[in-house]
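Novice: Would you be able to build a 3D model of this:
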Amino acid sequence: MFIEKFFKLKENNTNIKTEILAGFTTFITLVYIVAVNPDILSVTGMDKGALMSATILVSVISCLIIAIFGNLPISFAPGMGFNAFFAYTICKTLGYSWQFALTLQVFQGVILLLLIYFDLWKYFVNAIPDCIKKSLSVGVGFFIAFIGLSNAEIVVSGDGVPLMLGDVSSIKSLLVCVGFVAILALMHFKFKGAILIGIFLVTILGIPFKFTEIPEGFSLFSYPSSLLPLTFKFDFSFLNSLKGIFDFLFLLITMVLISIFDIMGSFMAVVKKLCLKDENKGLKCSLYANSFGLLSGGLFGSSMTTIYLESASGISEGGKTGLTSLVVSLLFILSLFLSPLFLIIPTIAISPVLIIIGIFMMSEIKEIDFKDYQEAFPAFLSIIMMPLAFNIADGIIFGLLSYVLIKIATLNYKQIPIMTYVVGILFVFSIVLK
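Specialist: Modelled structure (predicted):
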């Protein structure tokens, strides 16, 4: 059979039934992104229906690339943390338009493709200290969890203090807590799609309290929303000022570096059970799949893609080849016709997910050497500044600059690669020009 030969099923000691089950399992565990990504990005003013179609489209493109060219059971979708960076850092904090963010992402996709093709991406990886790399997912986890707590009004600002406890006895907070506990309980009992079940539970409970609004004439199925409101929408107004140009360059380098680190970390975490003969080849193909995913996201209107750690659920079910990813991409296509169901999901149903994902992203903290203050302080500063400054990029800036300053002060400046100094200087310029 063509499928068996193409995906080398016998060679990988698997079969079509196992791969289909693995693909379905992976899809169920990560399909929540179809609701979560549009909800986060819509705060920028982007059309929510178009966002849902774009989210699915870029996921399908990346999954098909890794399935056909990489033959790996890895799934891609717009990443948690990247959508927060897009919406809250670039648009909300820095004040740029979502069109600017999409323009930035297109350039990022092109740059990343060139770096991969010429094998230059490894030099950029070496520019960021290991302690900062390890702190990235932890800081982003705190940042995402903070957004979830803020949207639930569990933490609020006011009364002369930056942050304080909100009204945790409110219906909104209680519904979020119900969703949070429900998801964790389902995960404990190993229910497939625990996150998705939790989202729909809070959505249903929110109906009598008017948090979930069901429009008249609601239908479960519909044709996919048009991509036209977001397709090829670019903004080059940043070229009109020196600050705009530096912001663009700084954000471009930051996003390229983050995407490389994220793919490397996620790839290594997901493929541990596969025992690949050539991990470098698999990693390079994953970088290519991600590059085309984020490039298509910039063209059609979605945030950066990444490898989803939920891919491990499919691998645990026996998925070993690209057929698993192909099944995921086909299921994503089917979800296009369920958009009305995902569009009624309220923000409070997403908040528990953000908090739980924040917990998941904390695992890297155990890799940081807190006994070495030259490593611990930059990592700590990077982690804590992301949520407190409400800006992922600022966390990276503070972490890297503190690392450089500490190394210089302790006369260990020779340990710092030249590229790190170059990136550090660019970061300084970005701060001065703010």
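Novice: dump the residue contacts of the residue most central in space within the chain.
Specialist: Using C-alpha atoms, centre = their mean, the residue of the chain that lies closest to the mean C-alpha position is residue 79, 1.9 Å off. Shown in contact with residue 79 (C-beta atoms under 8 Å, 6 or more residues apart in numbering): 262, 303-306, 308. Bear in mind the C-beta positions are built from the backbone N, C-alpha and C, glycine included.
Novice: do that again at 7 Å, thanks
Specialist: Applying C-beta atoms under 7 Å, 6 or more residues apart in numbering, we find residue 79 in contact with 262, 304-306.
Novice: before we move on, what about residue 39?
Specialist: Residue 39 is in contact with 347, 350, counting by C-beta under 7 Å, 6+ apart.
Novice: what's the distance between the residue nearest to the centre of the chain and residue 170?
Specialist: Per C-beta to C-beta, to the nearest Å, residue 79 is found 31 Å from residue 170.
Novice: now do residue 222
Specialist: Using C-beta to C-beta, residue 222 is found at 33 Å from residue 170.
Novice: cool, and residue 146?
Specialist: From residue 146 across to residue 170, the span is 18 Å (C-beta to C-beta).
Novice: ok, now residue 238?
Specialist: 41 Å.
Novice: Give me the more crowded residue out of the two.
Specialist: residue 238 (19 against 13; other C-beta atoms under 10 Å).
Novice: Would you confirm that residue 7 contacts residue 319?
Specialist: No. If you go by C-beta atoms under 7 Å, residue 7 and residue 319 don't touch, sitting 10.8 Å apart.
Novice: who has more neighbours, these two?
Specialist: Applying other C-beta under 10 Å to residue 7 and residue 319 shows that residue 319 carries more neighbours, namely 33 against 24.
Novice: how about the more buried one, secondary structure?
Specialist: Three-state assignment for residue 319 (DSSP: H, G, I helix; E, B strand; the rest coil): coil.
Novice: residues near residue 351, how many?
Specialist: Neighbours of residue 351 using other C-beta under 10 Å come to 28.
Novice: So for it, what's the pLDDT?
Specialist: pLDDT for residue 351: 87.
Novice: Which helix runs longest in the protein?
Specialist: Taking DSSP state H as the criterion, the chain has its longest helix at helix 242-270.
Novice: after that helix, next one along is what?
Specialist: Per DSSP states H and E, the first helix or strand lying C-terminal to helix 242-270 is helix 279-300.
Novice: counting contacts, what elements does that next one pack onto?
Specialist: Where contact means 3 or more C-beta pairs under 7 Å, 6 or more residues apart in numbering; DSSP states H and E, helix 279-300 is packed against helix 48-65, strand 76-78, helix 98-117, helix 242-270, strand 305-307.
Novice: Run through the protein and note the low-pLDDT ranges.
Specialist: Applying pLDDT under 70 to the chain flags the ranges 125, 265, 268-269, 272-273, 275-278, 430-434.
Novice: Leaving out the residues flanking it, which one is nearest to residue 207?
Specialist: In space, and not counting its chain neighbours, residue 207 is closest to residue 214: 7.0 Å by C-beta to C-beta, 6 or more residues apart in numbering.
Novice: no wait, residue 21
Specialist: Per C-beta to C-beta, 6+ apart, closest to residue 21 is residue 317, 5.6 Å.
Novice: Also residue 113?
Specialist: Nearest residue to residue 113 in three dimensions, chain neighbours excluded: residue 291, at 4.8 Å (C-beta to C-beta, 6+ apart).
Novice: what does residue 102 give?
Specialist: Closest residue in space to residue 102, ignoring its immediate chain neighbours: residue 298 at 4.9 Å, by C-beta to C-beta, 6+ apart.
Novice: now swap in residue 337 and tell me
Specialist: Once flanking residues are discounted, residue 337 sits nearest to residue 221: 5.3 Å by C-beta to C-beta, 6+ apart.
Novice: Starting from residue 340, give me the distance back to that neighbour.
Specialist: Residue 221 is 7 Å from residue 340, by C-beta to C-beta.
Novice: Look at the two and report which has more neighbours.
Specialist: Under the neighbour definition other C-beta under 10 Å, residue 221 and residue 340 were set side by side, and residue 340 has more, 18 against 9.
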